[in-house]
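Participant: 3D, please:
(one chain, ligands or ions: 2)
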Amino acid sequence: NTKTFIFDLDGVIVDTAKYHFLAWQRLASQLGIEFTPEHNEELKGVSRVKSLELILAIGNIEASQEDKNKWLIQKNTEYLSYIDDIDQSEILPGVLFVLDYLKKNKHNIVLGSASKNARPILEKTNIMHYFDAIVDGNDVTNAKPDPEVFLQGAKKMNDNPKNCIVFEDSVAGIQAANIANMISIGIGDKEVLQEANFVFPDFTHIDINFIDNLVNR
Ligand code: B16
Ligand code: MG
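Facilitator: Ligands and ions are numbered 1, 2, ... in the order given. Coordinates of the predicted model:
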């Protein structure tokens, strides 16, 4: 009974969501835009280009393509400086235990991230070897909540979407998993991730019984 477990990266496996926030917040304040943690929820799981559009909309700012390109580079450069020295200690609590359990039980493990920086993060945190397939921001044309990223993951494993289980910390990602007809598991606040099939505050709350029940349902 093999299942395909698809993991989002930022906010699920590693706490890089906080670095995205810091980098966007710096840019926003430079543009005179007040950018709050509530605004940031809407950016989670959303592509870099789309994130900038949302921030500019908050500030009612219209900008040339040239300026936008400059700001995208600035944001990513700052983000890269934060993740430059991350290591395995940044992996969120309980994640490695679940990855080990899934691997031991021969399930497919897939990465489904909107980030173009996913591969260096997997390398720096030393978890690349867990993944049977990687789909990231370099592979997809339609960002979450479009289900493309997760459907590509299922396809790479030759698996049916109904046989896939997605771990996600973002509203857009939960919507993408639901649209793909996959089981959606929210990691975070259940008020925020109301649309998920299940929600846990973090991976330390996911036990083996829960996983076995999912696999055998
Ligand atoms: P990058 P995920 C997403 O990654 C982040 O949640 C989102 O905040 C970010 O804007 C997006 O990746 C693009 O990231 O600028 O590195 O290409 O949560 O889908 O793993
Ligand atoms: Mg995420």
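Participant: Who are the contact partners of the residue nearest to residue 99 when sequence neighbours are not counted?
Facilitator: Counting by C-beta to C-beta, 6 or more residues apart in numbering, residue 130 is the residue found nearest to residue 99 once chain neighbours are left out, at 4.9 Å. C-beta coordinates here come from the backbone N, C-alpha and C atoms, glycine included. For residue 130, the contacting residues are 99, 103, 109, taking C-beta atoms under 8 Å, 6 or more residues apart in numbering as the criterion.
Participant: export the host helix or strand of the first one as CSV, just CAs?
Facilitator: Going back to what we said before, that points to residue 99. With the criterion set as DSSP states H and E, the secondary-structure element containing residue 99 is helix 95-104. Extracted as CSV, the C-alpha positions of helix 95-104 are listed here (Å, rounded to 0.1, in the frame of the first residue of the first chain):
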residue,chain,number,x,y,z
VAL,A,95,10.0,16.5,10.3
LEU,A,96,13.0,14.1,10.1
PHE,A,97,11.1,11.5,12.2
VAL,A,98,8.2,11.5,9.7
LEU,A,99,10.6,11.4,6.7
ASP,A,100,12.4,8.5,8.2
TYR,A,101,9.2,6.6,8.9
LEU,A,102,7.8,7.2,5.3
LYS,A,103,11.2,6.1,3.8
LYS,A,104,11.3,3.0,6.0
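Participant: Flag every buried residue along that helix.
Facilitator: When neighbours are counted by 16 or more other C-beta atoms under 10 Å, the buried residues of helix 95-104 are found to be 95-96, 98-99, 102.
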